[in-house]
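Novice: Sequence plus the predicted model coming up.
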Amino acid sequence: MGFSTKAIHAGVDPDPSFGSIMTPVHLTSTYVQQGLGENKGYDYSRAGNPTRTALETNIAALEGAKAGLAFASGMAAISAVFHLLETGDHVLVSKNVYGGTYRLGKLVLNSFKLNFDFIDTTDVKNIERAIRFNTKMLFVETPTNPTMEITDLNAVAKLCKSRNLISVVDNTFASPFLQNPLDYGIDIVMHSATKYINGHSDMIGGLLALNDKKLIERLKFIQKSAGNMMSPFDAWLCLRGVKTLAVRMARHEMNAMEVAQFLTKQRKVKKVNYPGLVSHPQNRLARKQMRGFGGIISFDLGSLSAAKKLLKRVRLISLAESLGGVESLISHPATMTHASVPAEERKRIGVTDGLVRMSVGIEDVEDILADLKQALAGV
Ligand SMILES: *Cc1c(COP(=O)(O)O)cnc(C)c1O
């Protein structure tokens, strides 16, 4: 089955009661049991809910996984993954991950004696050098947020297998339409469903997809124990959104390529980061492991004041955090998504004060370009 067909049908069976083609929102906390130990597969909605199951089956199909798990947010999904660790364990993480991932590791879980190191994962030798006796996990984001660096999934999966590390990939930016990390031997793929998978900026959610039986069992157990699962209504919204993932991603990408090319021609723009540009240092690797380059672009205007002016002047494009929705959004990583990363560290990972990130929406590209043109004129 092709991707679009799976996106529309996987996990979604007509409801046996009335034949409704859409999965019902099963707003229920508990389920009536036929007798002691007899039920229809569900006993309490923290442990399982049919609407959530439909979405979990769907993401598993889209990522080519044996199982999917849906959480209350992308961070809840990441938090569940970090619950696989034990006191004293060491984790290697891509140096410019999502700000929330940095915050969770460095400012929350550090007090549980879990050690996080943020390193350049674009060079496998660099990862190898950073592995310690207590390293248990490698957490990679590719493409990274917001500088759009790419990590070689094949090389990373091999290294993790040989060194007995759990490999995790945050696949939020690519979406399963453009990249399937499990195909390269990665253990766990994670998504902020809030972004492309739902795609309509109307819910918060997180997803995991994986193949290993032991890890599936453990993560299900963690989800049930910690109670950080996705609500049935959010699962329903997300199921509705995911049906159009393929058509949305194709359009995001078309628009983003035009915007990226436009930006490279602007005198006021010092640098454009988009993996689809041949000028991107890892354009070849991106072509090898992704089926496209997605809808996120970051670009440098050289200074905070220039970035401020642009963000003040945009009209169609909204100044907001988040990404992956149908509408174009623009943000300033240094003061928004990466505000909890210390200034020194921001400098090291390339999140400069002049850097602006754009999530290119699926509006008519002429309108997006016109807005950028008029906004840049005032910079
Ligand atoms: C948004 C995002 C997250 C966190 O997801 P939430 O749904 O906001 O909790 C994690 N990783 C990446 C790459 C993101 O963009």
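Specialist: Nice, thanks for sending it over.

Novice: buried ones in the lowest-mean-pLDDT helix or strand in the chain?
Specialist: The helix or strand of the chain with the lowest confidence, counting by mean pLDDT, DSSP states H and E, is helix 343-349 at a mean of 86. Neighbour counts over helix 343-349 (16 or more other Cβ atoms under 10 Å) mark Glu345, Arg346, Ile349 as buried. (C-beta placed from N, C-alpha, C; glycine too.)

Novice: distance of the second one from Asn145?
Specialist: Put plainly, it is Arg346. Going from Arg346 to Asn145 by Cβ to Cβ, to the nearest Å gives 13 Å.

Novice: now do the last one
Specialist: For Ile349, the distance to Asn145 under the criterion Cβ to Cβ works out to 10 Å.

Novice: shared neighbours, these two?
Specialist: Residues touching both Ile349 and Asn145 (Cβ atoms under 8 Å, 6 or more residues apart in numbering) are Asn96.

Novice: ok, back up a step: what about the least confident helix or strand of the chain, distance to the chain center?
Specialist: Averaged C-alpha coordinates place helix 343-349 at 22 Å from its chain's average position (Cα atoms, centre = their mean, to the nearest Å).

Novice: Other residues contacting that helix?
Specialist: If you take Cβ under 8 Å, 6+ apart as the criterion, helix 343-349 is touched by Lys95, Asn96, Phe118, Thr147, Ala334, His338, Val341, Thr352.

Novice: Confirm the last one sits in a helix?
Specialist: What that stands for is Thr352. No. Counting by DSSP: H, G, I helix; E, B strand; the rest coil, Thr352 is not part of a helix but coil.

Novice: Okay, now the sheet partners of the longest strand seen in the chain, with direction.
Specialist: The longest strand of the chain (DSSP state E) is strand 135-141. Using DSSP bridges, strand 135-141 pairs in its sheet with strand 90-94 (parallel), strand 166-170 (parallel).

Novice: quick one, which of those strands is packed in tightest?
Specialist: Stretch with highest mean neighbour count among the strands paired with strand 135-141: strand 166-170 (a mean of 25; mean count of other Cβ atoms under 10 Å).

Novice: and whichever residue of the stretch 151-300 of the chain sits closest to the ligand, what are its bridge partners?
Specialist: Of all residues in the stretch 151-300 of the chain, Ser192 sits closest to the ligand, at 3.0 Å by Cβ to the nearest ligand atom. According to DSSP bridges, the residues that bridge with Ser192 are Gly206.

Novice: Would you agree it is in contact with Ala76?
Specialist: No. Applying Cβ atoms under 8 Å as the test, Ser192 and Ala76 come out as separate, 9.9 Å apart.

Novice: hey, what's in contact with both of those two?
Specialist: Gly206.

Novice: More neighbours: these two, which one.
Specialist: Shown here are Ser192 and Ala76; by other Cβ atoms under 10 Å, Ser192 has more neighbours (28 against 21).

Novice: dump the residue contacts of the more buried one.
Specialist: Here Ser192 is in contact with Ser73, Gly74, Met75, Ala77, Tyr98, Asp170, Thr172, Gly205, Gly206, Gly324 (Cβ under 8 Å, 6+ apart).

Novice: and if we set it to 10 Å?
Specialist: Counting by Cβ atoms under 10 Å, 6 or more residues apart in numbering, Ser192 touches 71, 73-78, 98, 100, 170-173, 198, 204-207, 322-324.

Novice: show me where the stretch 1-150 of the chain has strands.
Specialist: Taking DSSP state E, counting those that start in this stretch to define them, one finds strands in the stretch 1-150 of the chain at 67-71, 90-94, 115-119, 135-141.

Novice: partners of the third one in the sheet?
Specialist: Neighbouring strands of strand 115-119 in its sheet, by DSSP bridges, are strand 90-94 (parallel).

Novice: and the closest residue to the ligand within the chain, what is it in contact with?
Specialist: Taking Cβ to the nearest ligand atom, the ligand has its nearest neighbour within the chain at Gly74, 2.2 Å off. For Gly74, the contact set (Cβ under 10 Å, 6+ apart) comprises 98, 100-101, 170, 172, 190-195, 204-207.

Novice: sorry, back to before: for Gly292, which of the strands of the stretch 1-150 of the chain is the nearest?
Specialist: Nearest to Gly292, of all the strands of the stretch 1-150 of the chain, is strand 135-141, at 17.5 Å by Cβ to Cβ.

Novice: Rounded mean pLDDT for that closest one, please.
Specialist: Across strand 135-141, pLDDT averages out at 98.

Novice: picking up where we left off before, residues bridging contact with Arg346 and Asn145, i.e. touching both?
Specialist: Joint contacts of Arg346 and Asn145 (Cβ under 10 Å, 6+ apart) are Asn96, Gly99, Pro333, His338.

Novice: Tell me the spacing between the first one and Asn126.
Specialist: Noted for Asn96: a distance of 14 Å to Asn126, by Cβ to Cβ.

Novice: Looking at the two now, which is surrounded by more residues?
Specialist: Asn96 (27 against 13).

Novice: So the more buried one is in contact with Ile150, correct?
Specialist: No. At 11.8 Å, Asn96 does not count as touching Ile150 under the criterion of Cβ atoms under 10 Å.
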